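Colleague: Take a look and give me a structure for this.
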Amino acid sequence: MDDSYKTLEGPAEGTYRDKGSRFLAFGFPVKNEEEIRSILASLRKKYHDARHHCYAYRMGPAGENYRINDDGEPSGTAGKPIHGQLLSNNLTQVLVVVVRYFGGTLLGTGGLINAYRSATADMILHSRIILRLVEVKMRLIFPYDMLNTVMKILKEESLSPVDAEYNTTCSLVVYVRASAADKLSGRIKMITGLHIDTLKMDD
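Modeller: The predicted structure follows:
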């Protein structure tokens with residue numbers, strides 16, 4: 001199971017110039033569309049005097065959710081080449097915004113495509129790319145007298161609880177690598193009195 005993906009470690013910047021026009025590329029690791037909207041609003045406010053704020057993003061471990069936006073540039077000349085660089089570098093959970101300051105000379109379709117592609121490529125060149133794991137969030141529920149049994153299983157699976165409640169009925173939350181989730185679930189379900197639930201990542 002492919003349960004890892006490449007993304008940016010942190011924000012990164014790149015630039016490109018052509019015939020007086022300046023293209024400022026900004027890359028961000030992102031978790032959700034709400035974060036994307038916030039970043040776009042912040043950049044529009046900071047670079048309010050720019051002619052265009054074109055962008056593309058990929059979301060999901062396989063980049064299955066994506067969007068491109070030309071922001072007034074001719075169709076296919078901005079968002080698509082930005083997205084193309086994300087595809088070429090196999091990056092996901094990433095937003096790239098390219099801010100253009102018009103230099104007074106039209107670049108033409110080919111010139112625009114090259115400019116947005118080159119600005120994005122320069123940003124990626126100046127970024128740090130990391131590998132992240134796809135994880136599943138799980139909650140284990142069990143009576144207190146089974147605590148030692150549960151902790152033994154977690155130790156054997158190299159897992160540490162991130163949230164725990166120790167009462168008559170105990171509850172432990174763990175993050176499990178996606179490829180190992182079925183194995184853990186199978187072990188738990190074989191033991192009477194132990195229960196396991198899969199949670200949404202934002203629960």
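
Colleague: First-to-last residue distance for stretch 139-151?
Modeller: The first and last residues of stretch 139-151 sit 13 Å apart, counting by CA to CA, to the nearest Å.

Colleague: Now it: buried residues?
Modeller: Counting neighbours by 16 or more other CB atoms under 10 Å, one finds that the buried residues in stretch 139-151 are Arg139, Leu140, Ile141, Phe142, Val150. C-beta here means a position set from N, CA and C on the backbone, and glycine is covered the same way.

Colleague: before we move on, what about stretch 169-187?
Modeller: Quick answer for stretch 169-187 (16+ other CB under 10 Å): Cys170, Ser171, Leu172, Val173, Val174, Tyr175, Val176, Arg177, Ala180, Ala181, Leu184, Ser185.

Colleague: thinking again about what came up before, need the buried residues of stretch 139-151 in CSV with distance to Lys19, can you?
Modeller: Converted to CSV, the buried residues of stretch 139-151 look like this (distance: CB to CB, whole Å):
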residue, distance to Lys19
Arg139, 58
Leu140, 62
Ile141, 64
Phe142, 68
Val150, 66
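
Colleague: ok, of those residues, which one's closest to Tyr47?
Modeller: Arg139 (43.8 Å; CB to CB).

Colleague: From Pro161, how far off is that closest one?
Modeller: According to CB to CB, to the nearest Å, Arg139 and Pro161 sit 10 Å apart.

Colleague: Cool, thanks, signing off.
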